Structure formats: structure tokens, C-alpha cells
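Student: Structure for this input, please:
(chains A and B, ligands or ions: 2)
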Amino acid sequence: MLLAKNMREIKLGIKSLMQHKLRSSLTMLGMVFGVGSVIAMLAVGEGASKQALEEIRKLGSNNIIITAQKPMDEQGQQKTRILMSIYGLLYEDVERIAQSFAHVLRVVPVKIIRKQGRLTERAMDMRILGTTPDWFKLVQRPLIAGRTLAPYDLENFSNVVVLTEYGARRLLATRSTLGQTIRLGSDYFEIIGIIQNESSQGGALQSPDQQIDAYIPINVAKANFGDVFTQSSAGSRTRELVELHQIIAEVDQTTNVESTAAGIEAMLERFHKKKDYVLSVPLALLRQAEATKRTFNIVLGSIAGISLLVGGIGIMNIMLASVTERTREIGIRRAIGAKRSQIVRQFLIETVVLSTTGGLIGIAIGLFIPWMITTVAKMPTVVTPSSLILSLGISMAIGIIFGIYPAVRAAALDPIIALRHE
Amino acid sequence: MPMTAIQSNRKPRGREPEALLEDIRKIYTMGSTEVHALAGVSVVFEHGSFWAILGTSGSGKSTLLNVLGCLDRPTSGRYLLQGRDISSLDDDALSEIRLRNIGFIFQSFNLIQQSTVEENIQLPLYYQGVDAESSSRRARKLAALVGLEDRLHHRPMELSGGQQQRVAIARSLANDPGLLLADEPTGNLDSKTSAEIMRLLCDLNEQGKTIIMVTHEPDIAAFAHKRLYMKDGAIERLEG
Ligand SMILES: Nc1ncnc2c1ncn2[C@@H]1O[C@H](COP(=O)(O)OP(=O)(O)OP(=O)(O)O)[C@@H](O)[C@H]1O
Ligand SMILES: [Mg+2]
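Tutor: Ligands and ions are numbered 1, 2, ... in the order given. Coordinates of the predicted model:
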């Protein structure tokens, strides 16, 4: 009964709105664009920051990544023909980090080797990563086939190799390739597994397993290939002695990451004469990205708020004009016996119907624009439910408040004064 | 509580007057000057009577009618409508009385332009909470009564002045009021149409409605049984 009565009032409201199509659509327009632009803007902002955050998270937020880097002064001295540049992280560093820091759960050494890989007829220059089984705990990726490195592979100095998806593809290896032998440099390795790796390249941050073809036990790498690398580029040959290219340390708790990183940095400074490494803390980057995201959201939020406000003012403007225009009508209704509350109710229902319709169309636009941006510009966008609720809620509140205020004013008039209105 | 059918609001009454005014005053204060629109009006409008209120422009005719119609509140004085003292009622209660006990007819018709004839006639029933079906039935009956059964879905703009006033009369009858008030109902109409409207009002009076009508024109006033002449907000004389 109550609903039936409301239905009748809602129907009458819709009828009245339809009788003033131009006015209704103008009112709705403010709503539509307010809601639509807020949702679209927040979706773009959310998409951009989500991408950045995801990239960082892939590095592991509890990890500290130390990467070998050729010292600055040596980089510029190519002409003086240094026979061999010696830099980078040391096997000892791994031990030191593991023993000196209580919060470090595991330390993973990484050695990068460039060798030619040959699988049956196919040969490729490969980037091979010598590491320990712990690597797969830090850089967690789904296993495609077989297994990853195990402690006994290191104990036995086994010539085993785990291909990455990327490497497998380059070598045309498949599941059935498991157990087959691959030649790396001059040694033969058994393929024991294939694992996924980070393939996206567009990101600003380099994932440790990006463009890596294969993993082998680190002690096997050292024994078979040694620490000296010869690189020939542009006619000149450079020889480098690098024990380890990267060390990744995992810390037990997020809260201990920064202090541990500082400790490691201080320790490395003590043992390395040259600054031949860089320390990167994904967590710090994450914090930074989150701070950026917050600023971004504040800016976007303000713009969104302003557009909502403008939409709301538009609604009020038109409602105010319409009430002035409809004062006589209100007078007639009052003279016939409508109570003030009934008049206010009538206008309230009209504005609610109008705001809801406008808001829903706005949501449709707010969903469509990010979808377009993603499809056409290939930019990630994320429409969050909270942005829908927020924009719809705020704009409906504005619509209703601004819509109802003029009606309350008009209903407060004496009926005869309202009737005299032309 | 919506009513399922329209019953007469009029309970059988004794010799109780339709409306009784006692020393009604309406004073407008404009800065330092006071305008006495009504300067102490006392009069009794008997049940079933047909009155014409005459007087020069600005003599307070409309003000008196608005007070009678509960559209306006007197500054002081006592007003008994159908035996009930309404001098001290609040806005909602006055609205309720307009809705259930009074029919008002205006010089400028005061129809809602966007609504059809049928919707205009139904309006009081809508606010009474009468269901759509029975109010539509009643609107058709009233439209037939004023001879507009074939114009139900027209809008006021599409009707002549006389037809619009008939719609207004049909609307004023929708709540089956005991008291019909008309402020210059023929003021915007030619003499032939005016006569038709007056015959309609006479019929309604014969059916038992008390009618109080403001007019300038003596030949329109002649349709009424009694005449009240006003001057400067006071009653000059009564006739009939
Ligand atoms: N809202 C108001 N404020 C101030 N004075 C008013 C107001 N309404 C009416 N008056 C004054 O009250 C007096 C009576 O006005 P009223 O409208 O009742 O006259 P009337 O007899 O109906 O005149 P007419 O024949 O021209 O319609 C006039 O002097 C008018 O100026
Ligand atoms: Mg008047």
C-alpha cells in the first residue's frame, strides 16, 4: 500500500519531469557530467598508480636488492685499457649479510652468465642466472613444468637447468623437452623445469627475472664458467671480474626492512673500497609510489569535487528557476488544499527521480570513458566501487539538497502570494 | 487513509450558518502606514444561500473572500466555518479545511497548464489520497456535469475561457464542498459565456451549495439572492 502510493507519486513525478523535457535534461546534464567525470578521473588515477604499485610489489616488498655496478670512475676510463675491471658483490658479502642481520631470513646470491645455449639444432645467446634454491622463494612465479632448483642440486654440483618461459620460448623448448640435454657454453645441462618469469618490459622498474633465460646452481656456475667475463663490444674487448651481480636479502617483517637496508649499506661501505653496488629497497619505492598516489588522488579528488559542485550549482540554478516558474502552480496546489509538506514531497520525489536517473547515466559514462581509454590508449584504468558510491552519493545529495531548497522556499509562501505570481 | 469512494463531507446540520464572521479585521502594515483591508466585518452567511459581494476596487472584497476561503488569515476577529472556530488553526489544518470543505473559483481560472482537464479536476482528490480509479471516475462525472466530457485529455491552453472556467468549477466541486467561493468568476468572460457560468452556479446553489461570489457587475450580482456592498473594508449595506 505504501509502495503503491509512492509508485503513484513517482509516476506523477516522472510525468511532471517529462512535461518539462528541456529543463529536466539540463538539470540531469550537470549530474551526468559530474558523476561521469569523477568516476572516469578516479579510474585513470587508480589505474596508473595500481600499475606502479604492482611493478614494485613484484620485486617483493620485504626484499632488499643489491646490484653490482661498475664504479663511475672506471666507466669513463675505457681508453686507458684497463686489462680487467674488478668490481661487484662478493661471495663473502652473502655470508656477512646472512650472519650480521637478525632480521634477514635468507640471502640469495645471483650471478649472471652470458653463454650460448644450444638445444638440438637451435642456438641462442642466453642470459643465465646462477643462484640458490631460495631464489624461487623470493621471486615467486608459477611453475609451468618439472621442478625448480633443489638444495641437493648444489650439494651434488649437478648440471641442471631451469628454463624460464622466456628462455624456453626462444629455444623452442616445450614440456616434452624436460629431461633433455642443453649445451651451455661447452657444458651439458639437464633441463629439469620451466618456470614463468616477468615478461612485461614497459615498466619503469626492472624485475630481477626480466629477460633471463635460465637458472643454474650458483656453485656449478662458478665452477664451470668462473668469475671472469669477456665482453666484446664495438671492436674493443673488456674483461670483467665480478663474483656476484646481485644479492637479494629477504627481511622477516616489513617494519624491519628500512633499518636492515641501512645496516647492509653501512656494512658494504666498510668492506667495499669503491662504490660498486647499488642498493634498492622496493618498500621505499612502494612508500614513495603510495605517497605519489595520495597526492595524485588529492589533486584528482579536488578536480572531481569541483566538477560535482559545478554540477550541483547547475542543478540548483535550474531548480531555482523552475520553482520561480512554478510558484503559481505551487500556489494553485496550496489553494486547493495541498499541505506544505506535500508540495515539498512532490519536489523531493521529482529531484530524487532526476538525480537518480542522472546519476545512473553518469555511472554509465563513468564506466564507458575508462573502458575507451583502456581499449584505445592502452592505459590501465581501475573503476573502484567506492568511486561509484562516492560520486553517486555526493551528487545525489547535492541534487536533492539544491533541488529541495527552492521548493521549501516556495512552499513557505502564503498561497495568495504564490497565486499572484506571474 | 485513502478513501475508496467519495462521500459527502456534509453532515446533516441544524440551523447552523455556513459561515459566521465576527469583527474580522485584516491590517497590512506598509512601513509606517497601515492599510485596513478589512475594518471589522461581521456577517452571517446562511447555509444554502447565494451571495454576491459588490463594491469599488480596493474595498476589500477579495480579502474578505480569501479569509472565508482560509487562504488568508485575519489579523483579528472570529470566524466560524460550519460551526467550527477556525481563527486559531495552523497552516496544515487550514489546508485540510480548503481540501475538504471549500471550493474556490478564481477570475483567472488558476488551472495547471501542463496538466490535462481530467488531471486538473482530480487534483483535490489526489491530495485527499483518493485512489486513482475512483478519482478518475469522479472527474469524468464532474466533467460531464459542466459539459466537458469530450475534453478530458485537453490542456487548458486548448480551451476557451468559458471552458476553462467550467474546468475550474468542476475542480472546485471535486471534494463536494459545502461552501463555494468565487472571486469574479466571470471577470474574464464575455456576457454570453458569463450567463452560462452563472446558470451553472445557480444550479449548484439549487442543489444545496452555499455560494459566495465577488463581482463588479450588477447583472451578474442579480443572479445571487443576497447582496453585500463593501466600502473601505467595511460592510456598507446588505440587500435581499
Ligand atoms: N498583500 C497586501 N499588502 C498590502 N496591501 C494589500 C495587500 N492585499 C491587499 N491589500 C490592500 O487591501 C485593500 C483591499 O484589497 P482587495 O484585493 O481585497 O480589494 P478588492 O475589493 O478585491 O479590489 P478589486 O475589485 O480591485 O479586486 C486594497 O487597498 C489593497 O491595496
Ligand atoms: Mg479583488
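Student: give me every residue that touches the residue in the stretch 251-400 of chain A positioned nearest to ligand 1.
Tutor: The nearest approach of the stretch 251-400 of chain A to ligand 1 comes at residue A:331, 13.5 Å away (CB to the nearest ligand atom). C-beta here means a position set from N, CA and C on the backbone, and glycine is covered the same way. Residues in contact with residue A:331, defined by CB atoms under 8 Å, 6 or more residues apart in numbering or on different chains, are A:413, A:415-421, B:110.
Student: Give me the buried subset of those residues.
Tutor: Buried members of the contacts of residue A:331, scored by 16 or more other CB atoms under 10 Å in any protein chain shown, are A:413, A:415-416, A:418-419, B:110.
Student: For ligand 1, state which of these is nearest.
Tutor: Looking across the buried ones among the contacts of residue A:331 and measuring by CB to the nearest ligand atom, the closest to ligand 1 is residue A:416, at 7.5 Å.
Student: low pLDDT regions in chain B?
Tutor: Applying pLDDT under 70 to chain B flags residues B:1-15.
Student: show me the contacts for the residue of it found nearest chain A.
Tutor: With CB to the nearest CB, the shortest gap between chain B and chain A falls at residue B:99, namely 2.5 Å. If you count contacts by CB under 8 Å, 6+ apart, residue B:99 has them with A:336-338, B:124, B:127-128, B:175.
Student: Select from those residues the one having the most neighbours.
Tutor: When neighbours are counted by other CB atoms under 10 Å in any protein chain shown, residue B:124 leads the contacts of residue B:99 with 27 neighbours.
Student: I'd assumed residue B:177 was in contact with that one.
Tutor: No - with contact defined as CB atoms under 8 Å, residue B:124 does not count as touching residue B:177 (9.0 Å).
Student: Out of the buried ones among the contacts of residue A:331, flag the one nearest to residue B:75.
Tutor: Closest approach to residue B:75 among the buried ones among the contacts of residue A:331 (CB to CB): residue A:416, at 14.6 Å.
Student: Verify the stated contact: the closest one with residue B:70.
Tutor: No - Residue A:416 is beyond contact range of residue B:70, at 10.8 Å (criterion: CB under 8 Å).
Student: near chain A, which residues of chain B show up?
Tutor: For chain B, the residues in contact with chain A (CB under 8 Å from any CB of the partner chain) are B:2, B:66, B:69, B:71-72, B:91-92, B:95-100, B:104, B:106, B:110-114, B:123-124, B:126-129, B:132, B:171, B:175.
Student: Make a ChimeraX selection of the buried ones in those.
Tutor: Buried residues among the residues of chain B next to chain A (16+ other CB under 10 Å), as a ChimeraX selection:
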select /B:66,69,71,72,91,95,96,97,98,99,100,104,106,110,111,112,114,123,124,126,127,128,171,175
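Student: So which of the residues of chain B next to chain A belong to strands?
Tutor: Judged by DSSP state E, those include residue B:104 as members of strands.
Student: picking that back up, just the ones in strands from the buried ones among the contacts of residue A:331, please.
Tutor: Judged by DSSP E, strands contain none of the buried ones among the contacts of residue A:331.
Student: Could you pull out the strands in the stretch 51-200 of chain A for me?
Tutor: In the stretch 51-200 of chain A, the strands defined using DSSP state E, counting those that start in this stretch lie at A:63-68, A:85-87, A:104-119, A:122-131, A:143-146, A:160-164, A:181-184, A:187-195.
Student: most packed of these?
Tutor: The highest mean neighbour count among the strands of the stretch 51-200 of chain A, using mean count of other CB atoms under 10 Å in any protein chain shown, belongs to strand A:160-164: a mean of 27.
Student: Just want the angle from that one to strand A:187-195.
Tutor: Put simply, strand A:160-164 runs at 40 degrees to strand A:187-195, going by axes from the mean of the first three to the mean of the last three CA atoms, to 10 degrees.
Student: check contacts around the residue lying closest to residue B:174 once chain neighbours are set aside.
Tutor: Once flanking residues are discounted, residue B:174 sits nearest to residue B:124: 4.6 Å by CB to CB, 6 or more residues apart in numbering or on different chains. By CB under 8 Å, 6+ apart, the residues touching residue B:124 are A:336-337, B:99, B:171, B:174-175.
Student: would you turn those residues into a markdown table with distance to ligand 1?
Tutor: As requested, these are arranged in a markdown table below (distance: CB to the nearest ligand atom, whole Å):
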| residue | distance to ligand 1 |
| --- | --- |
| A:336 | 20 |
| A:337 | 21 |
| B:99 | 24 |
| B:171 | 22 |
| B:174 | 26 |
| B:175 | 25 |
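Student: And stretch A:212-229, what's buried?
Tutor: Going by 16+ other CB under 10 Å, stretch A:212-229 has these buried residues: A:212-222, A:224-225, A:227, A:229.
Student: ok, residue B:144 to residue B:121 distance?
Tutor: Going from residue B:144 to residue B:121 by CB to CB, to the nearest Å gives 11 Å.
Student: Those two: which has the busier surroundings?
Tutor: Set side by side, residue B:144 and residue B:121 show more neighbours around residue B:121, with 30 against 13, by other CB under 10 Å.
Student: Send me whatever helix or strand the more buried one lives in as CSV with only the CA atoms.
Tutor: Assessed by DSSP states H and E, residue B:121 sits inside helix B:117-128. Extracted C-alpha coordinates of helix B:117-128, given in CSV (Å, rounded to 0.1, in the frame of the first residue of the first chain):
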residue,chain,number,x,y,z
VAL,B,117,-8.6,18.7,-17.9
GLU,B,118,-9.0,15.4,-16.1
GLU,B,119,-5.9,15.8,-14.1
ASN,B,120,-6.9,19.3,-13.1
ILE,B,121,-10.3,18.1,-11.9
GLN,B,122,-8.7,15.3,-9.9
LEU,B,123,-6.2,17.4,-8.2
PRO,B,124,-8.1,17.8,-4.8
LEU,B,125,-8.8,14.1,-4.8
TYR,B,126,-5.1,13.3,-5.3
TYR,B,127,-4.3,15.4,-2.2
GLN,B,128,-7.1,13.7,-0.3
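Student: most centrally placed residue in the chain?
Tutor: Just going to use chain A. In chain A, the C-alpha closest to the average C-alpha coordinate belongs to residue A:50, at a distance of 1.9 Å (CA atoms, centre = their mean).
Student: right idea, wrong chain: chain B
Tutor: residue B:181 (2.0 Å).
Student: for chain B, longest helix please?
Tutor: helix B:191-206 (DSSP state H).
Student: name the helices or strands packed onto the host helix or strand of residue A:10?
Tutor: Here residue A:10 sits within helix A:2-18, counting by DSSP H and E. Counting contacts by 3 or more CB pairs under 8 Å, 6 or more residues apart in numbering or on different chains; DSSP states H and E, helix A:2-18 packs against helix A:340-377.
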